[in-house]
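*Asks:* got a structure for you, letters missing:
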């Protein structure tokens, strides 16, 4: 058994935590890719940090939320305080978040570049470097030394009360130091990354074009890549890599260009060119049917032909091609971006056309006009080297590092996850906890009703009765709904329910309703005091959505109907489990969870797929029931036993 004590700041291991750490150690030794599924409250972050650091490796943690960043920072600071390891930490956030020159909403990378290199009027940047060099000023070096020495020698200063268990204010304290000295916190933190043992970044640093920037700051092979909330990664990438050309945004861009043309920043010819492009876009949207697959090549040819036809009418010599259109649009957009007059640039039509040119020969994307007919969308069907902006597949990206570990409270079917990530099962190791030491948990799977579209209205009264049955036993209740329609209907029909979205922390003596597809269901632990939760329905994707239908056809043609169905619906149970994790995180606090939909047990098309996707650590607490009467009986018996 390996010794992780030098990097484990707690007096004892939680159940199975040491097993997970041995697993991580094995993944690192084999330079492999590992997947970890463990319940909320397991201590996954420290269970990955300790063995990686014990192996002499550095940590690069990718996480999508500020709360997860703070939790990771807290673990590192505890190691320093209690184990004296002097680990250096870097938490680099988006440049627009860290920039102090521009007010919120007015930042753009072009405006930043313009202020720094052209006008040389950014006080924060000027104070950070010596003259026009990339050498840090004495003031900047002093700030770096301060944050690094505090991190290594006085980690308690990053906690509001000095108590090491409280949530840290590492990033906030760092920002205050830089702001007080009028320094560029973004450039300072980039410098800290060079020497850091633990680096915390957003997903996009590894899966977009700025991965090239990261490679100039660190050597990936010195780091073990850790991906927190890994079940979110695929959906996050799908959202990241869709592009659009919106007529509303283009019209805003044109209004911005008009202002700059009047003050002399743009030429009249630039304004005329943009007006022409906006006119062609509107014509294309009016001419083409909505929600019909478009060929990227045809979209590009349309713009080229329109410009060429207009040029001939004016008797202009020569021809205009796609590259010139993109170049002209880029000049206009970059001029607007570099201006400090506007909150945000209206659109990036140059980027849209460039992307369409890149994917025009690929079957991996759907290009279409939505029902609203106000934009052209391009969305990927799969995540691969065509989709990712770093020109690597997802698997190839993970292999850039010494080793990679993805962890979450729910991975679903690991075979399906590997399929979507493009991982080779022979190169991938999997660790899943089969039990959870929760002392007072009841999970009921109520199979009496379902929320399929046809049955939704008919069964609403039945679900309303189930909610009232739980409330008759205990006032503390959260109703998890799978869409905004159901959420609003329950709020209207059941007076004691409040909208959980508008509460910072949910009272233990109140009833709430929440659309579990929103960030409020996942990114906060505000439901930790709730004693009972019922999830009404299975949070499946919108089958009527045009993009979903087209992607379904693509996947069915490639994988067959059953496998495609599993890939399309893989996230359904994950979404429900994440809300359950917010509620069950305190392993000693009594809780009841009800999954109210017959499909959690058996689905007409996919059989027991959804039940099999529920993590094993939750199944140990499950009972299947088939009536409201039994639902009330089980919950009443549970609370009577706990209150004796």
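*Replies:* Sure thing, it's come through. Quantities reported herein were computed from a predicted structural model and do not represent experimental measurements.

*Asks:* got a list of what residue 83 touches?
*Replies:* Contacts of residue 83 were listed using Cβ atoms under 8 Å, 6 or more residues apart in numbering, and they are 5, 6, 7, 8, 9. Just so you know, the C-beta spots here come from the backbone N, C-alpha and C atoms, and that holds for glycine as well.

*Asks:* Quick check, pLDDT for it.
*Replies:* Reported pLDDT at residue 83 in the predicted model: 95.

*Asks:* Based on its surroundings, how many neighbours for the residue lying closest to residue 566 once chain neighbours are set aside?
*Replies:* Leaving out its chain neighbours, the residue that sits closest to residue 566 by Cβ to Cβ, 6 or more residues apart in numbering is residue 416, at 5.6 Å. One way to gauge burial is a neighbour count; for residue 416, by other Cβ atoms under 10 Å, it gives 18.

*Asks:* Identify each buried residue in stretch 593-612, please.
*Replies:* Using 16 or more other Cβ atoms under 10 Å as the test for burial, stretch 593-612 gives 593-601, 603, 606, 609-611.

*Asks:* and it, how far out from the chain's middle?
*Replies:* In terms of Cα atoms, centre = their mean, to the nearest Å, the gap separating the centre of stretch 593-612 from the centre of its chain is 26 Å.

*Asks:* and what of stretch 54-66?
*Replies:* Counting by Cα atoms, centre = their mean, stretch 54-66 is centred 17 Å from the centre of its parent chain.

*Asks:* Name the residues that touch that stretch?
*Replies:* Applying Cβ under 8 Å, 6+ apart, the set of residues contacting stretch 54-66 from outside is 2-4, 6-7, 25, 28-29, 45, 48-49, 52-53, 69, 72, 196-203, 205-206, 218, 220, 222-229, 232, 236, 401-402, 523.

*Asks:* Straight-line length of that stretch, end to end?
*Replies:* The stretch stretch 54-66 measures 26 Å between its terminal residues, going by Cα to Cα, to the nearest Å.

*Asks:* Stretch 169-188 too?
*Replies:* From start residue to end residue, stretch 169-188 stretches across 17 Å - Cα to Cα.

*Asks:* How about residue 15: what's its closest non-neighbour residue?
*Replies:* Using Cβ to Cβ, 6+ apart, the closest residue to residue 15 is residue 437 (4.9 Å).

*Asks:* Spit out the contact partners of that neighbour.
*Replies:* Contacts of residue 437 were listed using Cβ under 8 Å, 6+ apart, and they are 14, 15, 587.

*Asks:* from those, which would you call buried?
*Replies:* With neighbours counted by 16+ other Cβ under 10 Å, these contain buried members at 14, 587.

*Asks:* List the buried residues in the helix or strand of the chain with the lowest mean pLDDT.
*Replies:* Scoring the helices and strands of the chain by mean pLDDT, DSSP states H and E places helix 109-113 at the bottom, with a mean of 78. Applying a neighbour-count criterion of 16+ other Cβ under 10 Å, one finds 110, 111, 112 buried in helix 109-113.

*Asks:* Not counting sequence-adjacent ones, nearest residue to residue 105?
*Replies:* Of all residues beyond its chain neighbours, the one nearest residue 105 is residue 343 (4.2 Å), with distances taken as Cβ to Cβ, 6+ apart.

*Asks:* Oops, could you answer that again for residue 261 instead?
*Replies:* In space, not counting the residues next to it along the chain, residue 261 is nearest to residue 271; the distance is 4.5 Å by Cβ to Cβ, 6+ apart.

*Asks:* secondary structure element for residue 245?
*Replies:* Element membership of residue 245 [criterion: DSSP states H and E] is strand 243-246.

*Asks:* Centre of the chain to stretch 371-384, how far?
*Replies:* Using Cα atoms, centre = their mean, we find the averaged C-alpha position of stretch 371-384 to lie 19 Å away from the chain's own average C-alpha position.

*Asks:* mind listing what's buried in that stretch?
*Replies:* When neighbours are counted by 16+ other Cβ under 10 Å, the buried residues of stretch 371-384 are found to be 374, 375, 376, 377, 378, 379, 380, 381, 382, 383, 384.

*Asks:* my read: the second one touches residue 250, true?
*Replies:* No - between residue 375 and residue 250 no contact is recorded; they are 9.2 Å apart, counting by Cβ atoms under 8 Å.

*Asks:* tell me, what's touching the two both at once?
*Replies:* Common contacts of residue 375 and residue 250 (Cβ under 8 Å, 6+ apart): none found.

*Asks:* burial count for residue 99?
*Replies:* Neighbour count of residue 99, defined by other Cβ under 10 Å: 23.

*Asks:* Can you give me the distance of the closest residue in space to it that isn't next to it in sequence to residue 65?
*Replies:* With Cβ to Cβ, 6+ apart as the measure, residue 107 is the residue that lies nearest to residue 99, at 5.1 Å, once sequence neighbours are left out. Taken as Cβ to Cβ, to the nearest Å, the spacing of residue 107 relative to residue 65 amounts to 21 Å.

*Asks:* which SSE is the residue of the chain positioned farthest from its centre in?
*Replies:* Outermost residue of the chain with respect to the C-alpha centroid, by Cα atoms, centre = their mean, is residue 315; its distance is 51.3 Å. Using DSSP H and E, residue 315 maps to neither a helix nor a strand.

*Asks:* And it, how far from residue 391?
*Replies:* When distances are taken as Cβ to Cβ, residue 315 and residue 391 turn out to be 43 Å apart.

*Asks:* do the same with residue 100
*Replies:* Residue 100 is 33 Å from residue 391, by Cβ to Cβ.

*Asks:* quick one, which of these two is more surrounded?
*Replies:* Legend: neighbour count by other Cβ under 10 Å for residue 100 and residue 391, higher for residue 100 (17 against 12).

*Asks:* average model confidence for the one helix or strand residue 176 maps to?
*Replies:* Counting by DSSP H and E, the element that carries residue 176 is helix 170-180. Taken as a whole, helix 170-180 carries a mean pLDDT of 93.

*Asks:* domain ranges for the protein?
*Replies:* 1-64+202-240+383-433, 95-195, 243-380, 441-643 (automatic domain parsing).
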